[in-house]
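# pasting the structure only:
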């Protein structure tokens, strides 16, 4: 026979109402000692709340949606882990949906999450023609991660790193190391906070003219790095490459090695994200670290605090860090 809420209350020596508040996360007025005691007994007895009944009663499903553009990008699993670990601590589950960086897929996944009655959504927008208005019109609380966006909706949270400044600093590092013919390979993403703007500002600051022949933009993937490097090498001389992310840098390194170009002696390469494999590439990749796990955890915490306690959503910038290895 399954354990009931009343069984837990009897064992804990408290009322069923008190147990219900702890289980449902409405326990801000319950002492830490009582809360911990109930949580321990819930775990010991193996009590599992009826999610459907609880959802009908409190008008919540205790489920978050995570809408991301590309699960094959090694950056996003760390974001997802941060969301999932935090959600689990508060008794929430996570439904993850991949959009393939496509606006139509994004629309379909927004509809899917809305139909599943998630309590809120952590959102990474598609690069082109994103359907953010549809998401905001859903009435669900939303926290945007990774790609900072200018929006008029004050009721939307954002957790991000200043990628424009990060790319500015990475480009400046190559300039400080003696590079003057610096290529830029990234996704084709036109926005005020785009990485490309950081690249341009660093060149301008150093008095280096922008050469469009050294710029290639497509997607945040290995193919873009490889093909972009081939195109640029076919039309221009370079001594450094700034990459929009580490996946692009992997393609760049492969293209350079095929042409027997020595790294970093002839061409210096810098990435962005500091995904797990970056330190194990040959040579180990210099990159801009952004805290993917913390992004996910902070976004989930903000969203859950809003859902449970009505705390306002807000905008928060996290720090990045240059991690210098052997590719520069």
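Perfect, I can see it now. What you see is a predicted model, and the numbers here were worked out from it, not measured in a lab.
# ok, then the element right after the worst-scoring helix or strand of the chain on mean pLDDT?
In the chain, no helix or strand scores lower on mean pLDDT, DSSP states H and E than helix 51-58, which sits at a mean of 50. Using DSSP states H and E, the helix or strand that follows helix 51-58 in sequence is strand 63-68.
# got the angle between the next helix or strand after that next one and strand 63-68?
As assigned by DSSP H and E, the chain's next helix or strand after strand 63-68 is helix 75-89. Here helix 75-89 runs at an angle of 170 degrees relative to strand 63-68 (axes from the mean of the first three to the mean of the last three CA atoms, to 10 degrees).
# Run through the neighbouring helices and strands of helix 75-89.
strand 63-68, strand 93-98, strand 142-146, helix 292-309 (3 or more CB pairs under 8 Å, 6 or more residues apart in numbering; DSSP states H and E). (Each C-beta comes from the backbone N, C-alpha and C, glycine too.)
# would you list the ones you listed in JSON lines and tack on distance to residue 181 and mean neighbour count?
As requested, those are arranged in JSON lines below (distance: least, CB to CB, whole Å; neighbours: other CB atoms under 10 Å):
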{"stretch": "strand 63-68", "distance to residue 181": "35", "mean neighbour count": "25"}
{"stretch": "strand 93-98", "distance to residue 181": "37", "mean neighbour count": "17"}
{"stretch": "strand 142-146", "distance to residue 181": "30", "mean neighbour count": "26"}
{"stretch": "helix 292-309", "distance to residue 181": "31", "mean neighbour count": "22"}
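# do you know which of the ones you listed lies nearest residue 228?
Among those, the nearest to residue 228 by CB to CB is strand 142-146 (21.4 Å).
# How far off centre is that closest one?
Here strand 142-146 is found 8 Å from its chain centre; the criterion is CA atoms, centre = their mean, to the nearest Å.
# got it, and stretch 136-150?
Centroid displacement of stretch 136-150 relative to its chain, using CA atoms, centre = their mean, is 13 Å.
# Dump the helices and strands packed on helix 75-89 to CSV, plus mean pLDDT and distance to residue 157.
Below are the helices and strands packed on helix 75-89 laid out as CSV (pLDDT from 0 to 100; distance: least, CB to CB, whole Å):
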stretch, mean pLDDT, distance to residue 157
strand 63-68, 95, 13
strand 93-98, 94, 16
strand 142-146, 91, 4
helix 292-309, 96, 5
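# JSON lines for those, including distance to residue 166?
Shown next, in JSON lines, are these (distance: least, CB to CB, whole Å):
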{"stretch": "strand 63-68", "distance to residue 166": "20"}
{"stretch": "strand 93-98", "distance to residue 166": "25"}
{"stretch": "strand 142-146", "distance to residue 166": "12"}
{"stretch": "helix 292-309", "distance to residue 166": "13"}
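# low-scoring pLDDT stretches of this protein, where are they?
1, 49-59, 127-131, 147-154, 190-193 (pLDDT under 70).
# Helices of that one, residue ranges please.
Assigned by DSSP state H, the helices in the chain fall at 5-12, 16-23, 32-45, 51-58, 75-89, 103-115, 132-137, 163-176, 195-205, 222-233, 246-258, 292-309.
# out of the ones you listed, nearest to residue 187?
With respect to residue 187, and counting by CB to CB, the nearest of the helices of the chain is helix 222-233 at 7.2 Å.
# Buried residues, the closest one. List them.
Across helix 222-233, burial judged by 16 or more other CB atoms under 10 Å covers 222, 224-233.
# which other residues reach it?
With contacts defined as CB atoms under 8 Å, 6 or more residues apart in numbering, helix 222-233 is touched by 183, 185-187, 213-218, 238, 241, 243, 247-256, 259.
# Whichever of those residues end up buried, select them in ChimeraX.
With 16+ other CB under 10 Å as the burial test, the buried ones among those are selected in ChimeraX as follows:
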select :183,185,186,187,214,215,216,217,218,238,241,243,247,248,249,250,251,252,253,255,256
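# how near is residue 271 to residue 118?
Using CB to CB, to the nearest Å, residue 271 is found at 33 Å from residue 118.
# Quick check on these two: which one has the bigger neighbour count.
residue 271 (30 against 24; other CB atoms under 10 Å).
# Touching, that one and residue 251? I think so.
No - checked against CB atoms under 8 Å, the pair residue 271 and residue 251 is beyond contact range at 10.6 Å.
# mind listing what residue 98 touches?
With contacts defined as CB under 8 Å, 6+ apart, residue 98 is in contact with 68-71, 105, 109.
# Count residues in the vicinity of residue 235, would you?
Residue 235 has 9 neighbouring residues, counting by other CB under 10 Å.
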